[in-house]
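>>> build me a structure from this.
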Amino acid sequence: MPNGKEIANALYEINAIQIKPDRSFTWTSGIQSPIYCDNRLTMSYPKVRKKIAKEFARMVEELPEKPDCIAGCATAGIPHAAWLSDYLDLPMVYVRSKPKGHGKKNQIEGLINEGDKVIVIEDLISTGGSSLESARALQESGAQVLSVFAIFSYGLKKASRMFEDAQIPFQTISNFDILAETLFEKEQISEREKDSLLEWRDELGGN
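Predicted structure coming up:
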């Protein structure tokens with residue numbers, strides 16, 4: 001993750017990631033959290049989204065096999081998949097969380113061919129469940145999923161186990177550990193607060 005710190009800092013500066021060490025954010029699940037992550041905000045910042053697209057492109061370049069198509073996870077992964085596919089001049093599709101209830105009842109929108117090698121783009125990986133659902137839908141359509149890429153990950157061991165069990169690689173540009181270290185280096189948080197953030201992550205399922 002050579003540019004992980006740069007991206008973590010950019011996300012923090014545009015408030016896509018907000019930190020409250022007192023854990024005063026409440027997630028939909030009811031979990032009291034010190035972090036709120038909304039990478040959809042990157043759509044409104046051209047310089048940031050271009051950096052993300054270039055970093056995804058670098059990650060693609062390092063793969064032993066190159067993709068035929070870029071797939072975005074609905075909804076937050078779609079714009080980043082579009083920018084990456086445009087950057088690489090590749091076809092794009094997007095994957096719904098479930099098939100439409102009308103019309104052709106598609107789950108995958110766009111053209112996917114049998115045997116196509118695909119990169120799946122997501123904005124955030126927590127447990128990895130939604131990303132893997134998209135990857136499995138692509139596999140069921142006959143595509144070969146080379147990897148799942150995301151902007152940011154909480155670094156939960158549960159996610160690593162799920163991807164390992166599915167035999168699907170994943171990579172992220174940045175992650176929770178990099179963010180905590182970056183904020184500490186910039187004196188945005190104290191060492192005690194940094195340790196508290198990592199302890200929370202571990203309590204949530206980091207180890």
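>>> and the helices in this protein?
With helices called from DSSP state H, the chain shows them at 4-13, 46-61, 78-88, 129-140, 157-166, 176-185, 191-201.
>>> now for the second one, which elements pack on it?
In terms of contacts (3 or more C-beta pairs under 8 Å, 6 or more residues apart in numbering; DSSP states H and E), helix 46-61 is packed against helix 4-13, helix 78-88, strand 144-153, strand 170-175. Glycine gets a C-beta too; all of them are placed from N, C-alpha and C.
>>> what mean pLDDT would you report for it?
Averaging pLDDT along helix 46-61 yields 98.
>>> now stretch 80-100
Rounded mean pLDDT across stretch 80-100 is 94.
>>> now swap in stretch 153-164 and tell me
Here the average pLDDT along stretch 153-164 is 93.
>>> may I see the buried residues of it?
153, 154, 155, 156, 159, 162, 163 (16 or more other C-beta atoms under 10 Å).
>>> quick one on the thing from earlier: what's the closest of the helices of the chain to residue 99?
Evaluated over the helices of the chain, closeness to residue 99 peaks at helix 129-140, with 8.7 Å, by C-beta to C-beta.
>>> kindly export the closest one (C-alpha atoms) in PDB.
Output in PDB follows, covering the C-alpha atoms of helix 129-140 (Å, rounded to 0.1, in the frame of the first residue of the first chain):
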ATOM      1  CA  GLY A 129     -20.000  -9.900   2.900                       C
ATOM      2  CA  SER A 130     -21.500  -7.600   0.300                       C
ATOM      3  CA  SER A 131     -18.400  -7.600  -1.800                       C
ATOM      4  CA  LEU A 132     -18.300 -11.400  -1.800                       C
ATOM      5  CA  GLU A 133     -22.000 -11.600  -2.800                       C
ATOM      6  CA  SER A 134     -21.200  -9.500  -5.900                       C
ATOM      7  CA  ALA A 135     -18.200 -11.700  -6.600                       C
ATOM      8  CA  ARG A 136     -20.300 -14.800  -6.400                       C
ATOM      9  CA  ALA A 137     -22.900 -13.400  -8.700                       C
ATOM     10  CA  LEU A 138     -20.200 -12.700 -11.300                       C
ATOM     11  CA  GLN A 139     -18.800 -16.200 -10.900                       C
ATOM     12  CA  GLU A 140     -22.300 -17.700 -11.300                       C
END
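>>> and it, what does it pack against?
Identification of packing neighbours for helix 129-140 by 3+ C-beta pairs under 8 Å, 6+ apart yields strand 69-73, strand 92-95, strand 117-125, strand 144-153, helix 157-166.
>>> other residues contacting that helix?
Here helix 129-140 makes contact (C-beta atoms under 8 Å, 6 or more residues apart in numbering) with 71, 73-74, 77, 95, 97, 107-108, 112, 118, 120, 122, 125, 145, 148, 150, 162-163, 166, 168, 170.
>>> select only the buried ones of these in ChimeraX?
In ChimeraX, this line selects whichever of the contacts of helix 129-140 come out buried by 16+ other C-beta under 10 Å:
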select :71,73,74,77,95,107,108,112,118,120,122,125,145,148,150,162,163,166,168,170
